[in-house]
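Engineer: got a predicted structure here, sequence first:
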Amino acid sequence: MPHLSSPYFAYFDHEASTDGEINMYIGTRGRGVWRVSFDQPPIADAGGPYTTNEGTTVQLDGSNLYDPSPGGSIVSYEWDFDDGGTDSDSTDVVIVGNAQLIRSAGYWYHQYRGNGRIAFTAAQLQCYLDIVKHLSSLFSEAVDADSRADAKAVLDPSHSTGDTRVQLDRQLLALWLIFANGAIEYDTLVDTNFDTVPDAALLDVLCAAEAARLNPATPTSVLRNWKNIVEAVNLSDDS
């Protein structure tokens, strides 16, 4: 390509070609246009999400990463957990508790209220909120749940009636806390059509319910249905 005197123009074709190239077009008035092609960068896929109990081993799987460029291949890759070592923050590893019982929103309100018989330390309760914040698109992006006081407000039993979105918030936070406490896993199947047959993974349910909650156009009837689905999970083991 010849040296181009100004004025000249350049633009990218943001749609990659079928052979994996990204094209940039460079030209100057009256002297033509030249195409410069670039290979696409490798596509990372860290697998996951990963959850585990403290003290157990997590098997990370990056085998699905690939190079989309013609003839491209992955020579090597490494994990970097952002801790000063080299092994990756390409994926999320979340350590949760090992509880056996699913507990209701009322139970969690009692824990975060801090009165009477409390099963967790202040540090544990805050840790659960940190896990929720890390994974949820609702808390605390749209609904504050950063602190124990915030959680208490969301879980308040007065939110059992009234605004459907507030009712859904209460049940969603409770279910996230149940997950953080280890009583249910992200891939556990739950019943979403009330036929007593589990049919959808917990994480899919949480993501779909939060997406509906965050969409201002979602009808109240749909929000109420998600609230009922989530609440049914929260009550499945409660005693």
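Structural biologist: Nice, thanks for sending it over. Numbers count the residues shown, from 1 in each chain.

Engineer: tell me what the longest helix seen in the chain is packed against?
Structural biologist: Taking DSSP state H as the assignment, the helix of the chain that covers the most residues is helix 164-180. Helices and strands touching helix 164-180, as assessed by 3 or more C-beta pairs under 8 Å, 6 or more residues apart in numbering; DSSP states H and E, comprise helix 105-113, helix 122-135, helix 148-155, helix 202-214, helix 220-234. The C-beta positions use only the backbone N, C-alpha and C, and glycine is treated the same way.

Engineer: out of those, deepest packed?
Structural biologist: The densest packing among the helices and strands packed on helix 164-180, expressed as mean neighbour count by mean count of other C-beta atoms under 10 Å, is seen in helix 105-113 with a mean of 22.

Engineer: relative to helix 122-135, how tilted is the longest helix of the chain?
Structural biologist: Between helix 164-180 and helix 122-135, the angle comes out at 110 degrees (axes from the mean of the first three to the mean of the last three C-alpha atoms, to 10 degrees).

Engineer: following helix 164-180, which helix or strand comes up?
Structural biologist: Past helix 164-180, further along toward the C-terminus, the next helix or strand under DSSP states H and E is strand 189-190.

Engineer: how's the chain carved up into domains?
Structural biologist: Partitioning the chain according to automatic domain parsing yields domains covering residues 8-39, 43-96, 97-234.

Engineer: list the residues that contact Val205.
Structural biologist: Under the criterion of C-beta atoms under 8 Å, 6 or more residues apart in numbering, the contact partners of Val205 comprise Val190, Thr192, Ile229, Val230, Val233.

Engineer: and the gap between it and Ile131?
Structural biologist: In this structure, Val205 and Ile131 are 17 Å apart, going by C-beta to C-beta, to the nearest Å.

Engineer: shaky segments in the chain?
Structural biologist: Along the chain, the model assigns pLDDT under 70 to residues 1-41, 52-57, 67-96, 238-239.

Engineer: swap the cut-off to 80 and go again
Structural biologist: 1-98, 115-116, 238-239 (pLDDT under 80).

Engineer: got the contact list for Ala200?
Structural biologist: Contacts for Ala200 (C-beta under 8 Å, 6+ apart) come out as Leu189, Val190, Thr192.

Engineer: what's near enough to touch the first one?
Structural biologist: Just to be clear, that refers to Leu189. By C-beta under 8 Å, 6+ apart, the contact set of Leu189 is Pro198, Asp199, Ala200, Ala201, Leu202.

Engineer: want to throw those residues into JSON lines with distance to Lys152?
Structural biologist: Shown next, in JSON lines, are the contacts of Leu189 (distance: C-beta to C-beta, whole Å):
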{"residue": "Pro198", "distance to Lys152": "31"}
{"residue": "Asp199", "distance to Lys152": "33"}
{"residue": "Ala200", "distance to Lys152": "30"}
{"residue": "Ala201", "distance to Lys152": "29"}
{"residue": "Leu202", "distance to Lys152": "24"}
